[in-house]
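Asker: Please work out how this folds:
(4 chains)
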4 protein chains.
Amino acid sequence: MIGEQEQSSTDVREEVFVVVIVMVTGATDADVERVVKELEQRGYGAHVSKGVEKTIIGAIGIKDPAEKERIAAQLQSLPIVERVVPIMRPFKLVSREWQPETTVIDVGTCKIGSRQVCVMAGPCSVESREQIIETAKAVKAAGATVLRGGAFKPRTSPYDFQGLGEEALKYLKEATEVTGLPVITEVMDVRDVELVAEHAAIFQIGTRNMQNYNLLREVGRTRTPVFLKRGMSATIEEWLKAAEYIMSEGNHQVMLCERGIRTFETAYRNSLDLNAVPTVKKLTHLPILVDPSQGTGWRDMVLPMSLAAIAAGADGLEIEVHPHPERALSDAQQQITPAEFEKLMNALRPLVEAVGRTL
Amino acid sequence: MIGEQEQSSTDVREEVFVVVIVMVTGATDADVERVVKELEQRGYGAHVSKGVEKTIIGAIGIKDPAEKERIAAQLQSLPIVERVVPIMRPFKLVSREWQPETTVIDVGTCKIGSRQVCVMAGPCSVESREQIIETAKAVKAAGATVLRGGAFKPRTSPYDFQGLGEEALKYLKEATEVTGLPVITEVMDVRDVELVAEHAAIFQIGTRNMQNYNLLREVGRTRTPVFLKRGMSATIEEWLKAAEYIMSEGNHQVMLCERGIRTFETAYRNSLDLNAVPTVKKLTHLPILVDPSQGTGWRDMVLPMSLAAIAAGADGLEIEVHPHPERALSDAQQQITPAEFEKLMNALRPLVEAVGRTL
Amino acid sequence: MIGEQEQSSTDVREEVFVVVIVMVTGATDADVERVVKELEQRGYGAHVSKGVEKTIIGAIGIKDPAEKERIAAQLQSLPIVERVVPIMRPFKLVSREWQPETTVIDVGTCKIGSRQVCVMAGPCSVESREQIIETAKAVKAAGATVLRGGAFKPRTSPYDFQGLGEEALKYLKEATEVTGLPVITEVMDVRDVELVAEHAAIFQIGTRNMQNYNLLREVGRTRTPVFLKRGMSATIEEWLKAAEYIMSEGNHQVMLCERGIRTFETAYRNSLDLNAVPTVKKLTHLPILVDPSQGTGWRDMVLPMSLAAIAAGADGLEIEVHPHPERALSDAQQQITPAEFEKLMNALRPLVEAVGRTL
Amino acid sequence: MIGEQEQSSTDVREEVFVVVIVMVTGATDADVERVVKELEQRGYGAHVSKGVEKTIIGAIGIKDPAEKERIAAQLQSLPIVERVVPIMRPFKLVSREWQPETTVIDVGTCKIGSRQVCVMAGPCSVESREQIIETAKAVKAAGATVLRGGAFKPRTSPYDFQGLGEEALKYLKEATEVTGLPVITEVMDVRDVELVAEHAAIFQIGTRNMQNYNLLREVGRTRTPVFLKRGMSATIEEWLKAAEYIMSEGNHQVMLCERGIRTFETAYRNSLDLNAVPTVKKLTHLPILVDPSQGTGWRDMVLPMSLAAIAAGADGLEIEVHPHPERALSDAQQQITPAEFEKLMNALRPLVEAVGRTL
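Answerer: Prediction:
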């Protein structure tokens, strides 16, 4: 597999994909012939399999994942076709078949994706120089190894606090100088990629931008690690395809972050989907972290869901910590205090050990 | 609170509930007067609060939770009312305000709801005498303390295996005699309640029957513990109201079981919602267990999600174990083998200890 | 097709179903052989198709829809199998392939499923003799052809109004005598089937009981038409399988009713899913109606969504009408007044004509 | 209202908002006093209302919608507060209270938002000069009044066809010159806004970019009409807030487009949510259109759902038409042929008339 990876790294389109076409009940030989011709005109072989009721056609030799999905859609538009089933998963560089061993990303003292559990903590938004430096010191003391803080904030309403922007980036850099903690912060505009890269160790792509493909491409052209949050209603497949966008531009330093999905339940602001953890670990070699703050939206759920995330196999956590949540300019209801964060870290230690990992 | 419970146990309708009515922008004094009169005619006081743009009316003295919701709906039907917000939670006997200490239910050697984590295991369906007795011995050896096994199966299609019925109940009773493990099994018909009670230690109410209110009432009239699975698209509030149905008939031995909800994600067959665990523990005194087999639908997710469930605070697990999953008559893809179950129990032990509990 | 129906009506298990098994990448010849043997041991033929990367096995000769799904699940539990795709739809009697022409159900002056659009109207709950008779007269005058009214009410909370029960059934019968309108009313307990059949022309199975299979079986043993509401989170496939339960017991007088599904959106109480209308019409020969009252939960959405339902191709409507919604004992916020119902019928007439149907 | 709009158009933050704070059961006078002080420190009045069980505090004088939500979140973080209910809707310029009459947007011969129903049609992607000009002629002949065609395509996979980009824009401009049809096309990058504005009459913001706030701001700074598609899992409230972003920058030419939401149902590729139509019309003065092609994902649902959309009150349709769907480079399964489009327009005519509108 690795050998294959080396050979074909310049062309990700060499794999052979398979599409299975199920004809409608009552399809005639002429109908079958029509589909076979449609395949042959596109340069593929057809393998016809007649059952008593149904005829099934396997397409062989499709070399390009884009073509596989396009042909599936095209053939689906024929009334003589009941169903087209694409067989292969539609991503490549991100898949564990492509690279069996888990990717490990070095950031500061963290080896994300290794046995070490990485805890990133800090306020939702950088609100002032004092606030971010005070928080950075507190979370470092409690055991965090990366500092989070929002400079550019994608807020649902235009009248909400939008972040301090470039000013916040400077405060974050100063916090790194004071504490040694590398910084993760969100980039939400293609025009800010260069600027953010100068101040931060990790790009965060937020849930609302998971499918902002031009932004994914831009961070894919850098060599700064990318922390890709799951879209709040993205399937695992769409999420991995978004990671594939970044990797297909050459940046292989991608980590994933589950941050809650949208369901019918209103008792929590988001439904943290820990099922994603073992599923992602099976499908991809990229590290997977969990954000229980946004993921639930309520501060008193952060501790139990942090423990659960690590027990499920997550490689790390991203937690919102604010010195004074009752005065926070954004997401006040889900930020915990430094004292609560310390308590969380204390609860985490025996659990991390019980699952054979380190902090 | 407990004193109050004793005084009012014969009448659950004495509480005072509050509804807040927000008038539409531009509502006149006459409009406000109309709503006040509607309240007074129903025997309640009204507390009018005029803001610059909006007038808000608080209804005082509503004694009956049914009336609170009914009045909210009635007033909502008036065009001069913008929104009616019921303030109190709509359940009573199940709420932690009503009974602060967690209910502990004794079944065999389990004290469900205590520090002890209870593991229930066994096949999805009882398929033969040999199969259930073999499985009972295996799960007991690995550390399970309750035996599960389906006799009556609510299957999506009428042509699926529907369970062995009364015959299965006899095999289950025999398995109890052989192993000492008490049995949990599903009841799905009001006419079977008595029969099942003779053979099982715990009634399971399945996800499809969570809102089969007449069935809830019937098991509420017994004194057999009830294991109430969450409806696959039930909110926490609806689930607790379903538990209230059982308790309102006098049976207070109710435990809850999260078993996966329906979301947009198709990578798993159900989305196990561990957010429910801390949420339920906050709202109610009833024990909460987790079923990671149905909850995910895939056997390789059972182990990590079992660990995550206990880390999140669950009081126990219900796990599907089958000696030969590749030959199982139902839900083959989510059942694990006795060997896998033993591995799971071994992984569980250090974790249970790390969170301060016992097995 | 019809001939085939006659021949095989005593055994619905004679069809040939197909399952496609996709092996994992790297599966060996021995792995393929193992799956072929598993199929042969169960009595089926195997058709192996080797691609460059993937081997696919088609199973031939599966005669029983139950077995098809069971075998899919069993083989899925093998680690050498990546994916199992069942090809045939899992229902039979309900499918349009089985019976191409739409079923027409005669109730009073309605021919449900014909060009005629059938409008059923009346209160959510029967609250008194006067209320139901007054409403029956009003909805008849406006053009309704069936009277709805709840006697047994499945309410989310045990403290809500539960319906007048048998007393309500008598009032409904009296309303039929006065107005000539046949009655539709919900049955929610297997023990009430006989009683309800004596008073009503149509059994309504409510959304919470769509998967109460024993109840479906009981109404399937009668010859009274059944109005099967979609479960609030049921897929189309589950809904049709529920209809198959009724039909498999011999009662072919089944009509379906879309009544709103559960989504993330909270602006409406339910999300009426009109996509179900053309989809159901394609898959099944059973008539499909729409309930815009429950389906949205807000009275001011009833008129536009009624028009939309008929434009989408629905065979009828079920609408909640109450003489005094602001005093209704259940679902006050979604019931419309007789005057509003008359307005709705007036808006409906030109639209019904525009789509080539009659009222 | 309009007068007020003129007065305050430079500052949208003058409104008075109300937040209702419900204290936990058992809150003391000191607790209530603490919340009152928190409000007063932020410059607002407090209106305390004591019930028998619950104390409720109304906050008066909050002038800024951002502050209202922020304060709600901040107070929610206090353990003595059970629930904070923001009363006012969180948008302003888009609301029908702000501007009672529906906005009418002139594009070519269309007056979008008037009695006239506007039909936009064309291929998902512009694939060649011939394809777009052939399609433009065909849809014009059938009655379309705006031409759609994608130049920049946000595709889920990086290996999918990404659109012809600037080349496509030139072909679209040529199609306008040939047919007179104004063009709608998607803009997905802030850097392309100027370029697209030179070639198109309407900016389309796609579902994946509904919350790409910097892009919304950029199109908000132009005076080109904007067609804002609903995010596939966006609530109505989030969608209107996204429209508010555009309007708050000065561009009031915004129309909304429902295009299907994500639900648990897999029978359709998206669930077209027609409930949005009457709901949006009630809340906002902006026109609302419907895209039944993306909204369902299947070509045979396009006709019935188009009719249903207009019956529900939509101001127009956007329909994907391709001369050869079985060869389309994107979304082949949902594109209809020119002949099918003509049939759709013929079915639409009597229906449009029946609901009192024109084509």
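
Asker: what are the ranges of the strands in the stretch 1-150 of chain A?
Answerer: In the stretch 1-150 of chain A, the strands defined using DSSP state E, counting those that start in this stretch lie at A:17-23, A:45-50, A:55-62, A:81-86, A:105-107, A:110-112, A:118-122, A:146-148.

Asker: What is the third one packed up against?
Answerer: Applying 3 or more CB pairs under 8 Å, 6 or more residues apart in numbering or on different chains; DSSP states H and E, one finds that strand A:55-62 contacts strand A:17-23, helix A:29-41, strand A:45-50, helix A:65-76. Backbone N, C-alpha and C define where each C-beta goes, glycine included.

Asker: Tell me the strands beside that strand, with direction?
Answerer: strand A:17-23 (antiparallel), strand A:45-50 (antiparallel) (DSSP bridges).

Asker: wait, what's in contact with A:V85?
Answerer: Contacts for A:V85 (CB atoms under 8 Å, 6 or more residues apart in numbering or on different chains) come out as A:19-22, A:72, C:20, C:85.

Asker: Output the residues you listed as TSV; include the columns distance to D:F227 and pLDDT.
Answerer: TSV is the format used below for the contacts of A:V85 (distance: CB to CB, whole Å; pLDDT from 0 to 100):
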residue	distance to D:F227	pLDDT
A:V19	34	77
A:V20	38	79
A:I21	36	84
A:V22	37	82
A:A72	29	81
C:V20	41	79
C:V85	38	76
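
Asker: For chain D, what is the nearest residue in chain A?
Answerer: A:S233 (3.2 Å; CB to the nearest CB).

Asker: Might one say that that residue is in contact with D:T235?
Answerer: No - counting by CB atoms under 8 Å, D:T235 is not a contact partner of A:S233; they are 11.0 Å apart.

Asker: quick one: which of the two has more around it?
Answerer: A:S233 (22 against 19; other CB atoms under 10 Å in any protein chain shown).

Asker: Three-state assignment for the more buried one, please.
Answerer: coil (DSSP: H, G, I helix; E, B strand; the rest coil).

Asker: quick one, what contacts it?
Answerer: A:261-262, B:264, C:264, D:232-233, D:262.

Asker: Out of the residues you listed, which two sit at the greatest distance?
Answerer: Across those, no pair lies farther apart than A:I261 and D:M232, at 12.7 Å, counting by CB to CB.

Asker: okay, those two: which has more neighbours?
Answerer: A:I261 (25 against 21).

Asker: May I see the buried residues of stretch A:124-140?
Answerer: Residues of stretch A:124-140 classed as buried: A:124-127, A:129, A:131-140 (neighbour count, 16 or more other CB atoms under 10 Å in any protein chain shown).

Asker: Narrow these to those in helices?
Answerer: Judged by DSSP state H, the buried residues of stretch A:124-140 include A:129, A:131-140 as members of helices.

Asker: contacting residues for A:G149?
Answerer: A:122-123, A:125-126, A:132, A:135, A:168, A:171-172, A:175, A:183, A:185.

Asker: out of those, which one sits closest to chain C?
Answerer: Relative to chain C, and with distances defined as CB to the nearest CB, the nearest of the contacts of A:G149 is A:S125, at 25.6 Å.

Asker: now the closest residue to A:P86 other than its chain neighbours: how far from D:Q334?
Answerer: Of all residues not flanking A:P86 in the chain, A:A72 sits nearest, at 4.9 Å (CB to CB, 6 or more residues apart in numbering or on different chains). From A:A72 across to D:Q334, the span is 13 Å (CB to CB, to the nearest Å).

Asker: and the two? which has more neighbours close in?
Answerer: D:Q334 (29 against 23).

Asker: The more buried one contacts D:M305, correct?
Answerer: No - if you go by CB under 8 Å, D:Q334 and D:M305 don't touch, sitting 11.1 Å apart.

Asker: and for these two, which residues touch both?
Answerer: D:T296.

Asker: Identify the residue nearest A:L344 in space, chain neighbours excluded?
Answerer: A:L344 sits nearest to A:L303 (CB to CB, 6+ apart), 5.0 Å away.

Asker: a strand runs through that neighbour, doesn't it?
Answerer: No - checked against three-state DSSP, A:L303 lies outside a strand; its state is helix.

Asker: you'd agree it is up against A:F341?
Answerer: No - in this structure A:L303 lies outside contact range of A:F341 using CB under 8 Å: 9.4 Å.

Asker: more neighbours, these two?
Answerer: Each of A:L303 and A:F341 has its neighbours counted (other CB under 10 Å); A:F341 has more, 28 against 21.

Asker: For the residue lying closest to the more buried one once chain neighbours are set aside, list each beta-bridge partner.
Answerer: Nearest non-adjacent residue to A:F341, counting by CB to CB, 6+ apart: A:V321, 4.7 Å away. Beta-bridge partners recorded for A:V321 (DSSP bridges): A:I336.

Asker: and the lengthiest helix in chain A, what does it pack onto?
Answerer: Longest helix in chain A by number of residues (criterion: DSSP H): helix A:338-354. On a contact count with 3+ CB pairs under 8 Å, 6+ apart, helix A:338-354 meets strand A:118-122, helix A:129-142, helix A:302-312, helix B:338-354.
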